[in-house]
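Undergrad: Generate coordinates for the sequence data below:
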Amino acid sequence: MKKYNERPYPCVFCEHPTEIGSGKFVNRIPIGTYHEFDDGTEEFRDGYACEECMAPECDRCGNSIALDEDISPFLVYSDNDSRHFELFEDGALIVHEHCLTADELAHYSHRSN
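TA: Below is the predicted model of the structure:
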């Protein structure tokens, strides 16, 4: 069994090193998760995940969104708007800023000022 909480601190998902000097140290995230193998067995992995593996996927374009740059209806609409905790009209939940519609962008720009 590989040790995920020992040097070189491999990412629990992709197994790339997350130690100092690896280029993945600064944005690594502590995590414990189960990993399922092709044969159906599981292993608990306790250690770190790299930023790339933890980046969510945009529901509109399918590309990865950098950590803390995802936008949801919660961030776009005001507290008294019924869309505040719902999905966007097309069913999307998390998107890039450049994937917002013109209407969504207008609401988002207004809220962030």
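Undergrad: I'd assumed V12 was in contact with K2.
TA: No: using Cβ atoms under 8 Å, K2 is not in contact with V12, being 9.5 Å away. Bear in mind the C-beta positions are built from the backbone N, C-alpha and C, glycine included.
Undergrad: can you list residues touching both of the two?
TA: Residues touching both K2 and V12 by Cβ atoms under 8 Å, 6 or more residues apart in numbering: R45.
Undergrad: neighbour-wise, which of the two wins?
TA: Neighbours per residue, other Cβ atoms under 10 Å: of K2 and V12, the larger number sits with V12, 26 against 11.
Undergrad: List the contacts of the more buried one.
TA: Y4, I31, G32, T33, H35, R45, D46, G47, Y48, A49.
Undergrad: how about stretch 98-113: buried residues?
TA: Using 16 or more other Cβ atoms under 10 Å as the test for burial, stretch 98-113 gives C99, L100, E104, H107, Y108.
Undergrad: quick one: it to chain centroid distance?
TA: Distance, stretch centre to chain centre, for stretch 98-113: 21 Å (Cα atoms, centre = their mean, to the nearest Å).
Undergrad: what's the answer for stretch 61-80, then?
TA: On the basis of Cα atoms, centre = their mean, stretch 61-80 is displaced by 11 Å from the centre of the chain it belongs to.
Undergrad: Can you give the contact residues for it?
TA: Identification of contacts with stretch 61-80 by Cβ under 8 Å, 6+ apart yields 27, 51-52, 54-58, 83-88, 93-97, 99-100, 104, 107-108, 111.
Undergrad: Among the residues you listed, name the buried ones.
TA: 27, 51, 54-55, 58, 88, 94-96, 99-100, 104, 107-108.
Undergrad: I'm done for today, thanks for sticking with me.
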